[in-house]
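Undergrad: what follows is a predicted structure for the sequence shown.
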Amino acid sequence: MLVHGDPESVFDFVADSSQRSFWQRDVQRGSDPIPDLVPGSTWTEVRKLGSRLLRIHVTVTDACRPERFAVVGDAGQFRGHGVFEFRSEGSRTRVVYYARFRGTGLRALLTPIVARQARRTAQANLFRVAMRFAPPASMTQSEQKAS
């Protein structure tokens, strides 16, 4: 997703746990905001997955501001590993998110369904990030390109 704004600003917004519920609508509840996104930081959040609520324990596994950060989410029988990358493209930032999921026991059979739903949710979430940084509608196209 291409976002108006520099990598530092976009990274800081995405990494800010107090902004999480704005751009990640599937997050229903989260623990207290974390002060810094550093490897080893942890929090718990409740996400809606289909019609179910899942309590997920999240751990930061990698963080290099403003280039990337990675997390592991553990929901018991489901585990996900997600990576956000922020790449400068002129006055914009390309935000790339990729994830992989693993289920255990009978939940392993549901992993492809979970992954498909997570892909759709991630696309909508990144769109909300882009809208947060979109230039005002009153700007001309040349002004938008210069910003």
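TA: That came through, no problem.
Undergrad: can you find the helix or strand in the chain with the smallest mean pLDDT?
TA: The weakest-scoring helix or strand in the chain, judged by mean pLDDT, DSSP states H and E, is helix 141-146 (a mean of 51).
Undergrad: list the buried residues for the longest helix seen in the chain?
TA: In the chain, with assignment by DSSP state H, the single longest helix is helix 111-132. Applying a neighbour-count criterion of 16 or more other CB atoms under 10 Å, one finds 111, 114, 118, 121-122, 125-126, 129-130, 132 buried in helix 111-132. Where you see a C-beta, it was placed from the backbone N, CA and C, and this is true even at glycine.
Undergrad: that helix - contacts with which helices or strands?
TA: On a contact count with 3 or more CB pairs under 8 Å, 6 or more residues apart in numbering; DSSP states H and E, helix 111-132 meets strand 2-4, helix 7-15, helix 20-23, strand 42-49, strand 78-89, strand 92-103.
Undergrad: swap the cut-off to 7 Å and go again
TA: Here helix 111-132 touches helix 7-15, helix 20-23, strand 92-103, going by 3 or more CB pairs under 7 Å, 6 or more residues apart in numbering; DSSP states H and E.
Undergrad: that one: how far from the chain's middle?
TA: On the basis of CA atoms, centre = their mean, to the nearest Å, helix 111-132 sits 9 Å off its chain's mean C-alpha point.
Undergrad: perfect, that will be all.
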